[in-house]
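Engineer: Sharing a sequence plus its predicted fold:
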Amino acid sequence: MSEEKDAIRKLIMLISDLRAKDEERYEAHVNFMNETIKMISAIESQMNKHWSTVLDSLKELNENINSNLDSLLTGINPKGLRETSKSLQEIMDTMNKSVQSMNLEKVLSELKVLKSSTTLEAQLAQGLKTIPIGQSPEQITANINLNPPNGVSAPTIEESEVYGFVPGKKKKKKDEEEPHLMKPSDLFKK
């Protein structure tokens, strides 16, 4: 029995040691849980402080957006926009018409130039056909100070013709032309 008593005593000692260790672990667990709760509450208080700041900032931003949007919407006048777009469309139409008229004027002026050059060529060709046999046509030269037939002076660079050389019959009459009467000294010039 004494052995059994020793065994029971050892068993009781082991159980008390286990309980003591268990209590230490329990206390450590309780302390850890209390510290965890304190940390969570500290985090919560910090989040509440910052969350209120964030919410205040968001409310202020929302108010600013609403006020700016209201001022922007009151500044936009749909009727004014329609009138502006109509006037811009009218300006574009006017510009298109003016460009078309300018193009038409350019085409007409080019047609006049082409028509005058073709009539001049036709006159020259007709003139060449009617030259009698034994006569040769005069050579056309560009401003070399030769006197053309009928006493008409060749056009100079200062009074150059717009469409080329125009015969005297076709030119507009100037107020003062050379006199038709010849001087006696003109007979001896050659």
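Structural biologist: Cool, got the structure. Residues are numbered from 1 along each chain as shown.

Engineer: residue ranges with poor pLDDT in the protein?
Structural biologist: 1, 122, 124-182, 190 (pLDDT under 70).

Engineer: if you set the cut-off to 80 instead, what comes out?
Structural biologist: Scanning the chain for pLDDT under 80 picks out the ranges 1-2, 72-78, 80-81, 117-190.

Engineer: mind checking the longest helix of it?
Structural biologist: helix 2-75 (DSSP state H).

Engineer: just checking, next helix/strand downstream of it?
Structural biologist: Sequence order places helix 78-129 as the next helix or strand after helix 2-75, per DSSP states H and E.

Engineer: Give the next helix or strand downstream of that next one.
Structural biologist: helix 184-187.

Engineer: what's that following helix packed up against?
Structural biologist: With contacts taken as 3 or more Cβ pairs under 8 Å, 6 or more residues apart in numbering; DSSP states H and E, helix 184-187 sits against no other helix or strand. In this view, the C-beta of every residue, glycine as well, is placed from N, C-alpha and C.

Engineer: Now do the SS call for Phe189.
Structural biologist: Actually, residue 189 is Lys rather than Phe. coil (DSSP: H, G, I helix; E, B strand; the rest coil).

Engineer: what about it, neighbour count?
Structural biologist: If you count neighbours by other Cβ atoms under 10 Å, Lys189 ends up with 6.

Engineer: what do you get for Ser116?
Structural biologist: So Ser116, with other Cβ under 10 Å, has 14 neighbours.

Engineer: repeat for Leu120
Structural biologist: Using other Cβ under 10 Å: Leu120 sits among 16 other residues.

Engineer: so how far is Leu114 from it?
Structural biologist: For Leu120, the distance to Leu114 equals 11 Å [Cβ to Cβ, to the nearest Å].
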